[in-house]
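S.K.: Any chance you could fold what I've pasted below:
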Amino acid sequence: MNRTLITDALTVPAPGADLTVAGWVRTVRISKGGFCFIHLNDGSCFDSIQIVADKDLHNYETEILHLTAGTSIAASGKLVESPAKAQRVELHAAEVSLIGTCDGEQYPIQPKRHSFEFLRTQAHLRPRTNTFGAVARVRNAVSAAIHDFFQSRGFLYVHTPIITASDCEGAGTLFRVTTMDPAEPPRDDAGNVDFAQDFFGRPTYLTVSGQLDVEAYACALGNVYTFGPTFRAENSNTPRHLAEFWMVEPEMAFADLTANADLAEDFLKHVFTAVLDRCGRDMEFFNERIDETIIETLKGIIDSQFARISYTEAVDRLAQADRKWEYTVEWGNDLQTEHERYLTEEVFKVPVIITDYPAAIKPFYMRLSDDGKTVAAMDVLVPKVGEIIGGSQREERLDVLVQRMGQLALNPQDYWWYADLRRYGTVPHAGFGLGLERTVQFATGMANIRDVIPYPRTPRSAEF
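M.R.: Just a heads-up that it's a prediction; the model follows:
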């Protein structure tokens, strides 16, 4: 079938062109004048094309009059100017071919509004709705923009492993990977599970981050990034947590925290510019139906100069605020979403980059500052959500790195290869991580992160 995508049919050909489109029926309206209007969508854009089919078609009585939402068809005919204000052209069909029938009474996606909670139970069909089709296109635009940004700056794309033996964050929230029988695992003489008999010969897990692995490539190739799935076994049922999500993690050799912050600011502006440029109609929909300020918010980020303050200054400003905090503001405590949003929405009214956090609340790999109390860490805060990027300059000094591991009760032998990067030609380097789903959630205004990934994985939920 030599078909034209509906996005092209609606924008490219002049009226009078002959073409074929194919997709899934959204609605059918039968006219008393002996013809019907079929709204057809193929997912290539937000809008559907209107197909006018009249009674002279050979299958008008047998098939066309019985079309229902969800049916797949192909239609060939001539584009003509549409009398309707909402569309430039419509297709007057010379032929309509039924491809796949759909039981209209049983079809879960009826031509009406469905709750997002219900649509999560229909994850295989929900991309056919306006909202989830738009989410998918924005997610695609964000992903493409991520690659565009780094490729245009000479970063190399590195594929880091999904299965790993190390816990990058040291939080212990990992999914174990094993081929052993959980009912009767092999045991050693002391009665402990004998992981030496497992597939990899040691305990292994799904990765929580590709950072440590991609650092090795930065220390050989310069500027690199990894972009792939990561996993956290956190029993968190919140609108912002998933057990499986995608992360982009760039890493730059010969770079400090300032260069890292500069890259993060440019990166966010590039991604949100791409979303507005490539998904205009989808973003109009989100602005109309989900969050009436979302386009304004993205434009504000693109046009702003990010504020930059230290963690200490942030704590001082929060302590001076005339409000009661749910979480205590005190030097040494991590900042919470309420604090982050206050700083970016009310104090600075632009995105904020906070640096130099207390070492005690950050992972071992962040560079210890000369004061011995803080590390060269940064968080990028945006309105409505707070932190969207977290990063740091990495600790390039072997003795300090080993000391930090000891303070956090980590076994240096488990990270021998990571320490080798400091033994053999160490260099200052820095990087950050950004979660794809939280970025898509922010860009669309969607309230629940489960609705910006095709098949959400959350506690007790792996249905599809």
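
S.K.: buried sites along the single longest strand found in the chain?
M.R.: The single longest strand within the chain, with elements called by DSSP state E, is strand 18-31. Using 16 or more other C-beta atoms under 10 Å as the test for burial, strand 18-31 gives Leu19, Thr20, Val21, Ala22, Gly23, Trp24, Val25, Arg26, Val28. (Each C-beta comes from the backbone N, C-alpha and C, glycine too.)

S.K.: Any stretches of this structure with poor pLDDT?
M.R.: 167-172 (pLDDT under 70).

S.K.: quick one, helices of it?
M.R.: When assigned using DSSP state H, the helices of the chain occupy the ranges 6-11, 116-120, 130-152, 211-221, 257-278, 280-289, 294-303, 311-320, 337-341, 398-407, 416-423, 436-444.

S.K.: neighbouring contacts of the fifth one?
M.R.: When you say that, I think you mean helix 257-278. 138, 141-142, 144-146, 148-149, 250, 252, 255, 283, 295, 298-299, 301-302, 306, 308, 351, 353, 355, 367, 376-378, 380, 382, 388-389, 391-393, 430-432, 434, 439, 443 (C-beta atoms under 8 Å, 6 or more residues apart in numbering).

S.K.: Save the helices of the chain as a markdown table, and put in distance to His241 too.
M.R.: Formatted as a markdown table, the helices of the chain follow (distance: least, C-beta to C-beta, whole Å):
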| stretch | distance to His241 |
| --- | --- |
| helix 6-11 | 34 |
| helix 116-120 | 15 |
| helix 130-152 | 18 |
| helix 211-221 | 19 |
| helix 257-278 | 21 |
| helix 280-289 | 22 |
| helix 294-303 | 22 |
| helix 311-320 | 24 |
| helix 337-341 | 12 |
| helix 398-407 | 27 |
| helix 416-423 | 27 |
| helix 436-444 | 10 |
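
S.K.: now those helices in TSV, with mean neighbour count and distance to Pro229?
M.R.: Shown next, in TSV, are the helices of the chain (neighbours: other C-beta atoms under 10 Å; distance: least, C-beta to C-beta, whole Å):
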stretch	mean neighbour count	distance to Pro229
helix 6-11	19	29
helix 116-120	15	20
helix 130-152	19	12
helix 211-221	20	14
helix 257-278	19	19
helix 280-289	17	24
helix 294-303	16	26
helix 311-320	17	31
helix 337-341	18	25
helix 398-407	16	27
helix 416-423	15	22
helix 436-444	24	9
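
S.K.: what's across from His429 in the sheet?
M.R.: For His429, the beta-bridge partners are Ala253 (DSSP bridges).

S.K.: Surely it touches Glu251?
M.R.: Yes. Assessed by C-beta atoms under 8 Å, His429 is found in contact with Glu251 at 6.2 Å.

S.K.: what about these two, which has more around it?
M.R.: Set His429 next to Glu251 and count neighbours by other C-beta atoms under 10 Å: Glu251 wins out with 31 against 24.

S.K.: re earlier: can you pull the residues that touch both of His429 and Glu251?
M.R.: Taking C-beta under 8 Å, 6+ apart as the criterion, His429 and Glu251 both touch Glu215, Ala218.

S.K.: related to what we said a few turns ago, ok, which of the helices of the chain comes nearest Ser76?
M.R.: helix 6-11 (11.5 Å; C-beta to C-beta).

S.K.: And that closest one, how far out from the chain middle?
M.R.: Counting by C-alpha atoms, centre = their mean, to the nearest Å, helix 6-11 is centred 27 Å from the centre of its parent chain.

S.K.: Done for today, thanks.
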